[in-house]
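>>> what's the 3D shape of this:
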Amino acid sequence: MVVFIPGWMSESEEHRWVDEMVRRIERSEAKRRSPARKSDDALLQRCTELSERYLDGKAVPVSVRWVPPMRTRWASCTPDDGTIRISERLRDVPGWVVDYVLVHELAHLLEPGHDAAFWAWVHRYPRTERAMGYLEGLSAAAGLGFVGTDGDAEAEAEPGAAAAEIEPAAEAAPA
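The predicted model follows:
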């Protein structure tokens, strides 16, 4: 760990600041490594919590498990049998990103495609946009070429997004 400090700090201030920054990083790392990252059972429990909070408890997976890194996606869901698989590449991302991926896959249990109804469920998770940006950046930085959670550029584009941006201006125009 490297801590940059201003040159004007005294030696005692320097030690105090470095100690504080180390404590902050250790606390942050402990939060990132939530129990959901330890086992498949913990992932299933987290899905139950997220479904209750954001999906009215309607999405109930049969199984949720960590799987070896997938070639083209972060996670996948098979609505027919209620299984969700999460790439082990996500074990070290912040918990709110894993939560987004879980909510995304849980929403597939309610709406198999990526239509407007699906996105309405997903957007109930308040950090959706932020998590999508995080995953895009992670993919770009690692040179993975992933586009969306399910690995499909076409599927990840929200239907009607362009129209939604244009319509409010049209509504505001005088009749």
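>>> going forward, measure contacts and count neighbours with C-alpha atoms only.
OK.
>>> Helices of this structure, residue ranges please.
11-32, 40-54, 95-110, 116-122, 128-142, 153-156, 161-172 (DSSP state H).
>>> okay, these, which one's buried deepest?
Ranked by mean neighbour count, those are led by helix 95-110 with a mean of 23 (mean count of other CA atoms under 10 Å).
>>> Using the record's assignment, carve the protein into domains.
1-32, 35-164 (automatic domain parsing).
>>> and the helices of the chain, which one's lowest on average pLDDT?
The minimum mean pLDDT among these belongs to helix 161-172 (a mean of 27).
>>> Make sure Arg124 is actually in contact with Asp56.
No - between Arg124 and Asp56 there is no contact, the gap being 10.2 Å when judged by CA atoms under 8 Å.
>>> Have a look at the two and say which one is more surrounded.
Arg124 (13 against 10; other CA atoms under 10 Å).
>>> Please report phi then psi for that one.
phi -70, psi -20 (degrees, to the nearest 10).
>>> so what pLDDT did it get?
pLDDT, Arg124: 98.
>>> how far away is it from Met9?
46 Å (CA to CA, to the nearest Å).
>>> Report the contact partners of the closest residue to Asp40 other than its chain neighbours.
Leaving out its chain neighbours, the residue that sits closest to Asp40 by CA to CA, 6 or more residues apart in numbering is Arg65, at 4.7 Å. Taking CA atoms under 8 Å, 6 or more residues apart in numbering as the criterion, Arg65 is in contact with 39-41, 43-44, 84-86.
>>> Looking at these, which is nearest His114?
Taking CA to CA as the measure, Ile84 is the one of the contacts of Arg65 closest to His114, at 16.1 Å.
>>> quick one: that closest one and Ser63 touch, right?
Yes - the pair Ile84 and Ser63 qualifies as a contact (CA under 8 Å) at a distance of 6.3 Å.
>>> Which of these two has more residues huddled nearby?
Neighbours per residue, other CA under 10 Å: of Ile84 and Ser63, the larger number sits with Ile84, 25 against 16.
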